[in-house]
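> Could you look at this predicted model? Sequence included:
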Amino acid sequence: PLGPHAIVVALDALGIGLVQGFTGLTVAVVVIASLTALAAFDELPSLRRTAGALLVGVPYLAAAYYAQGAFKETMQALFVLAFVLALRESGRGWRDMPLRFVPAALIAVGSVYTYSFAGLLWLGAALVFWLVLERKMPARALLLGLLAFLILAAPETGRMVDFQRFETFDPSGPGLGNLFGQISPLEALGIWPSGDFRVAPGDGAVPAFAYYLGAGFALVLLLYGAVRCWRGRETAILAGLLGAAGIYAAARLAGTPYTAAKALEISAPVLPLPILL
């Protein structure tokens, strides 16, 4: 997938430079993620809304990947967050619009051009869970959204076919990248007192119990928030949460530590939503 590279090359043609272009792109993703998260808190006072948007837009793992210069993972995390919120709006303010799924389709197109077919796993899982939880099938609107997606994603088909042979998808290989081993799924909850997301609890400057204490507190909040979302019919948020959990479980069981870590980082912005809503 060459979407981000195409943006940077276009900026370079304007005289900005490749290094500056990639730097600007990664900075923009962080800003856009926080601005995107504002849509989840439109009923809150401005100060609480801003704080919530920052916690969702720049959670621990997203900040960790940003610090190491990753741009595809942070962009895919943005697409997952935006897709979930687009589904949420399609059942709220956009409910009566025939093109209400086109924004979600455009986000899916961006995911394909950035993360290839793998990016659709999170979006597809969220969509399936959302349709199940909604208990209805808005067929015409879905077909219009699907048509928009197929037309715009068609030029990337050849690269998606080639990308399936990417070596880090091979569970029989080492699949570590720059990791030391599997990272804890508790890191996705955001409370992880270490400057390096790759270290195990207790291997850094903070005792292991501090890691588990913070993660346990966040897990309780997450479960409580999920119950509140269920009662409040926040089906899109629940669908994003279930989809993220399913993709991580599949990556952990059938993939490599490298793919499992990416699954956690990409899902990280969705997890604070049930806690903060």
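Noted; the coordinates are in hand.

> from here on, contacts and neighbour counts on C-alpha atoms
OK.

> Tell me the helix or strand right after the helix or strand of the chain with the lowest mean pLDDT.
Lowest by mean pLDDT, DSSP states H and E among the helices and strands of the chain is helix 157-163, with a mean of 79. The helix or strand immediately downstream of helix 157-163 is helix 208-231, counting by DSSP states H and E.

> And that next one, what's buried?
211-212, 214-215, 218-219, 221-222, 225-227, 229 (16 or more other CA atoms under 10 Å).

> what packs against that helix?
In terms of contacts (3 or more CA pairs under 8 Å, 6 or more residues apart in numbering; DSSP states H and E), helix 208-231 is packed against helix 235-254, helix 272-276.

> Please repeat the previous calculation with a cut-off of 7 Å.
With contacts defined as 3 or more CA pairs under 7 Å, 6 or more residues apart in numbering; DSSP states H and E, the packing partners of helix 208-231 are helix 272-276.

> got the buried residues for the helix it packs on?
Neighbour-count burial for helix 272-276 flags 272-276 (criterion: 16+ other CA under 10 Å).

> which outside residues touch the helix or strand hosting residue 259?
Counting by DSSP H and E, the element that carries residue 259 is helix 257-267. Contacts to helix 257-267, defined as CA atoms under 7 Å, 6 or more residues apart in numbering, come from residues 61-62, 73-74, 76-77, 175-177, 181-183, 185, 188, 244, 247-248, 251-252.

> ok, back up a step: what are the buried residues along the least confident helix or strand of the chain?
Quick answer for helix 157-163 (16+ other CA under 10 Å): 160, 163.

> ok, now stretch 118-132?
119-120, 122-123, 125-127, 129-131.

> So which of the residues you listed is the closest to residue 205?
Distances from residue 205 to these, taken as CA to CA, are shortest for residue 122 (34.1 Å).

> Report the separation between that closest one and residue 15.
If you measure residue 122 against residue 15 using CA to CA, to the nearest Å, the figure is 36 Å.

> rewinding a little: CA-only coordinates of the helix holding residue 259 in CSV, if you can.
What follows is helix 257-267, C-alpha atoms only, in CSV (Å, rounded to 0.1, in the frame of the first residue of the first chain):
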residue,chain,number,x,y,z
PRO,A,257,4.1,-11.2,18.1
TYR,A,258,4.6,-8.5,15.5
THR,A,259,1.1,-8.7,14.1
ALA,A,260,-0.4,-9.0,17.6
ALA,A,261,1.3,-5.9,18.8
LYS,A,262,0.0,-4.0,15.8
ALA,A,263,-3.5,-5.3,16.5
LEU,A,264,-3.3,-3.8,20.0
GLU,A,265,-2.0,-0.4,18.8
ILE,A,266,-4.6,-0.1,16.1
SER,A,267,-7.4,-0.9,18.5
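
> could you give me the average pLDDT of that helix?
Averaging pLDDT along helix 257-267 yields 90.

> I'd like the distance from that helix to the chain centre, please.
10 Å (CA atoms, centre = their mean, to the nearest Å).

> That one vs helix 235-254, what angle?
Angle, helix 257-267 to helix 235-254, by axes from the mean of the first three to the mean of the last three CA atoms, to 10 degrees: 170 degrees.
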